[in-house]
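J.: using only what follows, build the 3D model:
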Amino acid sequence: MRAGQEWEYEYRLIFCRDAEEHLQGGRTLSTRIGAGGTDVPDPKVRKFVIDFAGPALAESKPDKPVQANVVASSGALSKAVVEENPHTKGQRLFFELTPKGDAPVGLRAFLYRGNDVLSETWSFQWVRSQ
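T.: Next up, the predicted model:
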């Protein structure tokens, strides 16, 4: 490609009334963030609660529980916990972040069962409040 050279492209956009009705994987419904800690809140730790729902997450399989893959660009993460959420007919993910320093932290998470990915990847940039 040379500077000033003209290129032509063709493409097609397709819209439908409810595109999400055809999705089988789980979608992120909500993200909640608060002080970490179990019995006593710890202001140095942040707790994340993320709700996912979708057809693949509505199926309960006690012999193969839903698990989470959670990664952070910095800081330390607690063990992720996934529980069924009967109100959304989906799954709720809990984890805690202990940030390192004041830099923003990139977070990503998705749900899976065995070798099957069940949800979209949730991405979030956490920034310390001033």
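
J.: longest strand in this structure, by number of residues?
T.: Ranked by residue count, the top strand of the chain under DSSP state E comes out as strand 42-53.

J.: from the contact counts, what lies against the helix or strand that comes right after that one?
T.: For strand 42-53, the succeeding helix or strand toward the C-terminus, using DSSP states H and E, is helix 55-58. Judged by 3 or more C-beta pairs under 8 Å, 6 or more residues apart in numbering; DSSP states H and E, helix 55-58 is in contact with strand 90-98. Placement of C-beta: from N, CA and C, glycine included.

J.: contacts for the strand it packs on?
T.: 26, 29, 36, 44-54, 57-58, 66, 68, 70, 72, 75-85, 105, 107, 109, 111, 118-119, 126 (C-beta atoms under 8 Å, 6 or more residues apart in numbering).

J.: now with 6 Å, please.
T.: Applying C-beta atoms under 6 Å, 6 or more residues apart in numbering, the contact partners of strand 90-98 are 36, 45-53, 57, 66, 68, 70, 75-78, 80-83, 85, 111.

J.: quick revisit: pairing partners for the longest strand of the chain, with directions?
T.: Using DSSP bridges, the strands paired with strand 42-53 are strand 27-36 (antiparallel), strand 90-98 (antiparallel).

J.: residues of the first one that come out buried?
T.: Residues of strand 27-36 classed as buried by neighbour count (16 or more other C-beta atoms under 10 Å): 28, 36.

J.: before we move on, back to that, for residue 10, find the nearest of the strands paired with strand 42-53.
T.: Among the strands paired with strand 42-53, the nearest to residue 10 by C-beta to C-beta is strand 27-36 (30.8 Å).

J.: which other residues reach stretch 114-130?
T.: Under C-beta under 6 Å, 6+ apart, the answer for stretch 114-130 is 25-28, 50, 52, 56-57, 64, 102, 104-112.

J.: show me the shaky parts of this structure.
T.: 1, 14-24, 130 (pLDDT under 70).
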